[in-house]
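Participant: A structural model of the following input is requested.
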Amino acid sequence: MQINKTENVYPCTVCNSVFSQKINLKSHMRVHTREKPYSCKVCGSAFSHSSNLKTHIRVHTGEKPYSCEICLVAFSDKSSLKNHMMIHTGEKPFHCEICGSSFSRKSHLKSHSRRHSGEKPFACNVCGSSFSENSTLRKHLLTHTGLKPYSCTVCGLSYFDESSLKRHIRLHTGEKSYICEDCGAAFSVISTLKSHRRTHTGEKPYSCQICDMAFAENSTLTKHIRIHTGEKPYRCQICPSAFSRNSHLKAHIRTHTGEKPYSCEFCNAAFSDNSNLKTHKRIHTHEKPYSCKVCGSAFSQKSNLETHIRTHKKNLEDLLSHAA
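Facilitator: Residues are numbered from 1 along each chain as shown. Predicted structure coming up:
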């Protein structure tokens with residue numbers, strides 16, 4: 001006669017996870033208690049599992065026992081090797097449910113998802129600015145220290161991080177290695193190429209959670225959200241004025257300095273911002289892009305159209321009053 005042997009079951013009293021061995025339950029409980037009994041004797045870092053401490057110690061020893069069989073790059077832990085192998089295989093198992101983008105790492109998907117949600121969990125403890133990436137926060141913190149350790153050997157300009165210096169150097173070399181497959185346009189930075197590609201695809205992956213408007217650029221979404229929040233982070237150091245966009249602040253500062261960098265090619269009139277120049281040039285071109293939907297009258301400035309529309313409203317009110 002066969003006897004069914006019942007396996008021992010060890011349930012977690014906090015989250016109801018079940019384990020077949022008591023030692024595994026004990027290890028799991030540290031997730032809840034945040035206990036970290038394994039400490040590094042070199043730097044004092046503490047870990048909840050001995051295996052994590054063992055991996056960490058390799059940071060100090062430089063040991064990298066896991067090697068890629070394809071390119072021989074070595075890693076200190078097996079998970080890093082596994083992530084690296086996806087570069088060769090092209091495997092991208094983590095998919096964005098909103099736009100369909102795929103990623104080789106879960107952490108990359110998590111970072112990408114913040115572009116859709118607008119979540120910025122990494123806050124600067126100096127000025128309160130928030131960022132979607134911890135790496136962006138670290139770069140931002142350097143702006144408070146004033147340190148710019150990366151200098152251009154051509155013109156002497158300095159930058160907070162190495163990637164910014166590399167992008168800058170391409171201005172001198174003229175290198176544009178990122179090519180658009182649709183129109184052949186070339187770019188020095190891959191992020192600019194990605195943004196450009198959306199002009200062909202019409203993709204707008206960055207959505208406002210308040211009004212559902214969608215944008216091709218995350219930076220444009222950030223600016224748009226300030227319409228809802230009323231946030232004006234750019235402050236004039238001369239007067240109390242504040243602005244939602246840095247470009248608006250720059251234009252405002254010219255009212256103090258008197259600078260007028262935008263000149264009319266027809267009459268040499270100068271303006272402090274480009275939008276005023278565009279409006280002015282319509283005097284010469286006779287362009288009237290603002291049309292009245294009631295009578296068809298056209299105007300060179302939006303404010304003139306708005307004033308004109310009021311004449312229709314007034315005429316309608318007069319007709320209604322006479323009819324009454």
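Participant: need the contact list for the nearest residue to Ser130 once chain neighbours are set aside.
Facilitator: Leaving aside its sequence neighbours, Ser130 sits nearest to Lys120 (CB to CB, 6 or more residues apart in numbering; 3.7 Å). All C-beta spots, glycine's among them, are computed from the backbone N, C-alpha and C. Lys120 sits next to 114, 130-132 when contact means CB atoms under 8 Å, 6 or more residues apart in numbering.
Participant: average pLDDT across stretch 272-279?
Facilitator: When pLDDT is averaged along stretch 272-279, the result is 88.
Participant: For it, what is the distance to the chain centroid?
Facilitator: Using CA atoms, centre = their mean, to the nearest Å, the distance from the centre of stretch 272-279 to the centre of the chain it belongs to is 29 Å.
Participant: buried set for it?
Facilitator: Taking 16 or more other CB atoms under 10 Å as the neighbour-count basis, stretch 272-279 is seen to contain the buried residues 272-273, 277.
Participant: what would these look like in a markdown table with distance to Pro261 and secondary structure?
Facilitator: Written out in a markdown table, the entries for those read as follows (distance: CB to CB, whole Å; DSSP: H, G, I helix; E, B strand; the rest coil):
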| residue | distance to Pro261 | secondary structure |
| --- | --- | --- |
| Ser272 | 8 | coil |
| Asp273 | 9 | coil |
| Leu277 | 10 | helix |
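Participant: between those, which is nearest Ser101?
Facilitator: Proximity of the buried residues of stretch 272-279 to Ser101 was ranked by CB to CB; the top entry is Asp273 with 36.8 Å.
Participant: ok, back up a step: just the buried residues out of the contacts of Lys120, in PyMOL syntax.
Facilitator: Buried members of those, identified by 16+ other CB under 10 Å, are gathered into one PyMOL selection as follows:
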select buried, resi 114+131+132
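Participant: From the contacts of Lys120, which land in helices?
Facilitator: Of those, the ones assigned to helices by DSSP state H are Arg114.
Participant: Now pLDDT and distance to Glu203 too, for the contacts of Lys120, in TSV please.
Facilitator: Listed next are the contacts of Lys120 as TSV, based on pLDDT from 0 to 100; distance: CB to CB, whole Å:
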residue	pLDDT	distance to Glu203
Arg114	86	18
Ser130	88	25
Phe131	88	23
Ser132	86	19
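Participant: Mind picking the two most distant members of the contacts of Lys120?
Facilitator: Arg114 and Ser130 (10.7 Å).
Participant: Nice, that's everything, thank you.
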